[in-house]
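*Asks:* the following comprises the amino acid sequence and a computationally predicted model.
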Amino acid sequence: MFPQWFATAQADAWASFQSLPAPRRGDEAWRFSTISALDFSSFTRAEFRGEASEWIARSTGVADAAATLVFVNDTLVHSQSRLPDGVICLPLAEALIQQPDLVQQYFMRHPTTLGSAKFSALHAAHVSNGVFLYVPAGVVVQDPVQIFHWADGDSSTILPHTLLVTGEGASVRVIETFQSTDDRAATLTIAVNDLIAEKNSTLDYVVVQALNQNSKIISINASDVAKAATSTSFLLSTGAAWARSESISRLTGEEARSYMLAVSVPSHDQEYDQRTFQHHISPGAYSDLLYKNSLYDESRTIFSGLIFVDEGAHRTDAYQTCRNLLMSNTCEANSMPGLEINADDVKCSHGSTSAQISDEEIFYLRARGIDSDTARQLIARGFSIEVISRLNHDATEAYVLNFLDQKFATLRMRDVR
Amino acid sequence: MSLDLLPETLDQETAEAVNIDRSIGDFTFPERNKFDAGRGLTEKTVDYICDVKNDPQWVREFRHRALKVFRDKPMPTNWATEDLNNINFDEIRYYLSDGEKPKRSWDDVPADVLETFERLGIPQQERAFLAGVEAQFDSEAAYSNVKEELTKQGVIFVNSTEGLKEHEEIFRPWFGKVIPTGDNKFSALNSAVFSGGSFIYIPKGVKLKQPLQAYFRINSESFGQFERTLIIADEGAEVMYMEGCTAPKFETATLHSAVVELVALKGAKIQYVTVQNWSSNVFNLVTKRGLAMEDAEVRWIDCNIGSRLTMKYPGVVMKGRRARGEVISIALANTGQHQDTGAKMIHAADETTSNVVSKSISVGTGRSTYRGQVHIPKHLKGCKNNTECDALLINAKSRTDTYPAITVKGNQHATQHEASVSQVSQEMLFYMMQRGISEGAAMSLAVNGFINDLVREFPMEYSVELKRLIDLEMEGSVG
């Protein structure tokens, strides 16, 4: 049985879900968003009871993973691990039974503030599985932990929860991938992932969202970064009809470092709605955000970012950059890069650009015998790789790049002017 | 007495020629209003204003429609500051005037009003460098005059009441077209109770060498000033318009809510310069927008030093090919002030370009905010926007925010936005102090250096004054 605190939390969350208003036009947190995309009435929870071997076989990530967990519709269908002693890596459903107190300490500690409070309450009310990873003080996990989520069956909803904790001086890298079992089934994913990096620890979290083009996903990501800890959260988005991501970083100690990275390649009529928040609570912390979008066809992106420096958070060093590469004449990029600074002695800057590939760049490549389509794709790929290379881990970069190239392969010949 | 006084005297003279600093604006004369619409806003208030002003029927209907829109619209506190809720619309006096027509000569202006504007240096400025002046005292213009040769060329420079009556054929087609009544709650409020402000028409090809100036003065407590300005530059015409404003520092809040519409027809150029120095009890909620047709240019040069809360986002709708829009903005927010300023650039034709440069300084617990919107819709080609916002924080509790929103559709465009926040570095101060400059003076030099390139965009007479104003505001800010 799940512990009492969890049952209470779920009941409270359900009450919040029912009482919280749905986002409306005019809500700043949903400015430029397509509110009609939030009609989830056709979706229901659906457990997976089929044969999982195909999805297990297709869950190939990096070689030499330290642990692998495969879920289909939130049901654990496969797991293996060679994690060092002391590391706790459990499906959430088991962790709640085996480590109830430890999970309680970290489970959804902060309210969702970037717009999706109602959906985060829905997640909390019905969450049944996910991953709880706890790396105790001083333990360094060399190879990545990988998590695969497969969404299966039309109208089904999955609520994956990922809770990652690195104790003092610990280190780990997690790669999580969201995919669909087929090209058609419209599914809804409401994912919550919380990263807690304690003093001096390093926590890298890499997400690949490659759902089919009928699906929707909301991902609510929060990182707590303590003194001298480093957290990296990276998101590659190539799939889904509509994807909303909310990512917040709380820097709570001196010399805490947070990197927030994202690469998106939307096409067709895909809409990616990204909201970020860099919260400098402690003085002397560093955060750097880089989001890059390459927009094809009729796609839309919304980037709304805020660097928020608390009163007294002096010597803050914060950056925020959103760059949009416009690959078609019908795409739409919305950028809202924001700053709220309540302390002096800070270095903060943000930049946002939207532009197409310049004719000079194309000319340069064509002069070397590269046709114009290939040239455009090469440049778009290079544009994205600048972010991916910040992951500083060859195997992870190769894994992410593979998904990027799969997306580019489908776009071949379509980015003609 | 001594030679020391000499530079002092010279300074004084320069100062007097361009004087509108805060302390000098802080005086008031007893009210002697013949017409007073009383406190609060109802249909009766609107009718009272219509009756006093002898408005034509279409204006009366326009005002009543606007009142309804004002009531229906919620306060925009979903994105704006909660301080807006402190405005008590029932306590405000919406119309005050002595019932006199604007005078063409300062000699005819009532003595206390004349003294007001003399203390603010307006007649002196007019003689020195202005092509025409309108001076508004509470709801109505006390003085309005333009140089004779300009009148001969067909330049019209009158107040809005006269504009809508005497020049209806030019006034009416553009009035409320750049900023519709329902644009926002405060543009609706202005549309319901507007009084004063300028109507300017510059005929085809006429290029004004000297600027026109308007000066807005609030004299009465709990008063709301709602001037309405419409400037039309016909094809190939050029004009620079400057506005200044002050109010005494009353105990209660005062509201200033203007609507300013600019129309630059083909190849015309309009520059609109504002030095806003309201006292720190004024809510300054202003809607300003220009329409730029083919090859036309609209520039807003905006400096906000005063007021309790300013919300002002000058905009340009670039409706014709190769139209250009620009906003140059300086804001200084001292303790108790919130300067919420920005720019709106709406690209609506091919090859239109816009530029926004905003610099703000926050002192003490002052808060400065940049809010911007850039919109480039589908099916346009070759649009460009550049936006730069820099904020300087002087004290530990100073605040600054930046909230831009940029929408680009299609791939034939380029936009870039950059913002930075910094403080005056200890090294810089140390360097200057080591050379015998006091800390306060060093800070002032650093701040002036920060905005120097923008100050140069202001007419010379204003840039001298701006530097002085900023020196004044910076006094005692260190430590």
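*Replies:* Thanks, I have the structure now.

*Asks:* tell me the contacts of residue 97?
*Replies:* The chain I'm using is chain A. A:1, A:2, A:3 (CB atoms under 8 Å, 6 or more residues apart in numbering or on different chains). From N, CA and C alone the C-beta is placed, and that goes for glycine too.

*Asks:* can you look at chain B instead?
*Replies:* So residue B:97 contacts B:33, B:34, B:35, B:52, B:138, B:139, B:140, B:195 (CB under 8 Å, 6+ apart).

*Asks:* could you give the average pLDDT over stretch B:449-465?
*Replies:* Computed over stretch B:449-465, the mean pLDDT rounds to 81.

*Asks:* list the contacts of the residue nearest the centre of chain A.
*Replies:* The structure's chain A has its C-alpha centroid closest to residue A:235; by CA atoms, centre = their mean the separation is 4.5 Å. Contacts for residue A:235 were tallied using CB under 8 Å, 6+ apart; they are A:207, A:209, A:219, A:221, A:245, A:247, A:261, A:262, A:263, A:264.

*Asks:* may I have the strands that pair with the helix or strand containing the third one, each with its orientation?
*Replies:* So that's residue A:219. Using DSSP states H and E, residue A:219 falls within strand A:216-225. As defined by DSSP bridges, the strand partners of strand A:216-225 come to strand A:188-197 (parallel), strand A:242-251 (parallel).

*Asks:* hmm, who's touching whichever helix or strand comes after the last one?
*Replies:* Proceeding C-terminally, strand A:242-251 gives way to strand A:257-264 as the next helix or strand, assigned by DSSP H and E. Contacts of strand A:257-264 with the rest of the structure, by CB under 8 Å, 6+ apart, involve A:223, A:225, A:229-238, A:245, A:247, A:249, A:251, A:272, A:274, A:276, A:278, A:285-294, A:301, A:384, A:387-388, A:390-391, A:400, A:404.

*Asks:* can you list the weak-confidence ranges in the chain?
*Replies:* Since you didn't name a chain, this refers to chain A. A:413-417 (pLDDT under 70).

*Asks:* chain B is the one I meant
*Replies:* B:1-24, B:475-479.

*Asks:* run the last query once more with 50
*Replies:* B:1-21, B:479 (pLDDT under 50).

*Asks:* which residues sit in contact with the nearest residue to residue B:263 once chain neighbours are set aside?
*Replies:* Setting aside the residues directly before and after it, residue B:263 is nearest to residue B:232 in space (CB to CB, 6 or more residues apart in numbering or on different chains), at 4.6 Å. Neighbour list for residue B:232: B:170, B:174, B:200, B:201, B:202, B:262, B:263, B:265 [criterion: CB under 8 Å, 6+ apart].

*Asks:* got a markdown table for the residues you listed, with neighbour count and secondary structure too?
*Replies:* Formatted as a markdown table, the contacts of residue B:232 follow (neighbours: other CB atoms under 10 Å in any protein chain shown; DSSP: H, G, I helix; E, B strand; the rest coil):
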| residue | neighbour count | secondary structure |
| --- | --- | --- |
| B:170 | 18 | helix |
| B:174 | 17 | helix |
| B:200 | 24 | strand |
| B:201 | 23 | strand |
| B:202 | 29 | strand |
| B:262 | 32 | strand |
| B:263 | 24 | strand |
| B:265 | 20 | coil |
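
*Asks:* just the residues you listed now: which is nearest residue A:46?
*Replies:* residue B:262 (59.1 Å; CB to CB).

*Asks:* not counting its neighbours along the chain, what's nearest the closest one?
*Replies:* That would be residue B:290: by CB to CB, 6+ apart, it lies 3.5 Å from residue B:262.

*Asks:* which residues does that neighbour bridge with?
*Replies:* Residues in beta-bridge contact with residue B:290 (DSSP bridges): residue B:262, residue B:316.

*Asks:* please tell me how far the spatially most central residue of chain B sits from residue B:67.
*Replies:* By CA atoms, centre = their mean, chain B has its centre lying nearest to residue B:274, at 4.3 Å. Going from residue B:274 to residue B:67 by CB to CB, to the nearest Å gives 27 Å.

*Asks:* need the residues of the stretch 251-400 of chain B near chain A, please.
*Replies:* With CB under 8 Å from any CB of the partner chain as the criterion, the stretch 251-400 of chain B meets chain A at residues B:378, B:379, B:391, B:393, B:394, B:395, B:396, B:397, B:398, B:399, B:400.

*Asks:* tell me, how many neighbours does the fifth one end up with?
*Replies:* The local packing count at residue B:394 equals 23, with neighbours defined by other CB atoms under 10 Å in any protein chain shown.

*Asks:* any idea how far the spatially closest residue to it that is not a sequence neighbour is from residue B:397?
*Replies:* Excluding the flanking residues, the one nearest residue B:394 by CB to CB, 6+ apart is residue B:363, at 4.6 Å. Remark: distance between residue B:363 and residue B:397 (CB to CB) = 10 Å.

*Asks:* between these two, which one's more packed in?
*Replies:* Ranked by neighbour count (other CB under 10 Å), residue B:363 and residue B:397 place residue B:363 first, with 25 against 18.

*Asks:* whatever residue of the stretch 101-250 of chain A ends up closest to chain B: what secondary structure?
*Replies:* Residue nearest to chain B within the stretch 101-250 of chain A (CB to the nearest CB): residue A:115, separated by 12.7 Å. Under DSSP: H, G, I helix; E, B strand; the rest coil, residue A:115 falls in the coil class.

*Asks:* which SS class is the closest residue to it other than its chain neighbours?
*Replies:* Counting by CB to CB, 6+ apart, residue A:29 is the residue found nearest to residue A:115 once chain neighbours are left out, at 3.1 Å. Following three-state DSSP, residue A:29 is assigned to helix.

*Asks:* so residue A:29 touches residue A:112, yeah?
*Replies:* No. Judged on CB atoms under 8 Å, residue A:29 makes no contact with residue A:112 at a distance of 10.2 Å.
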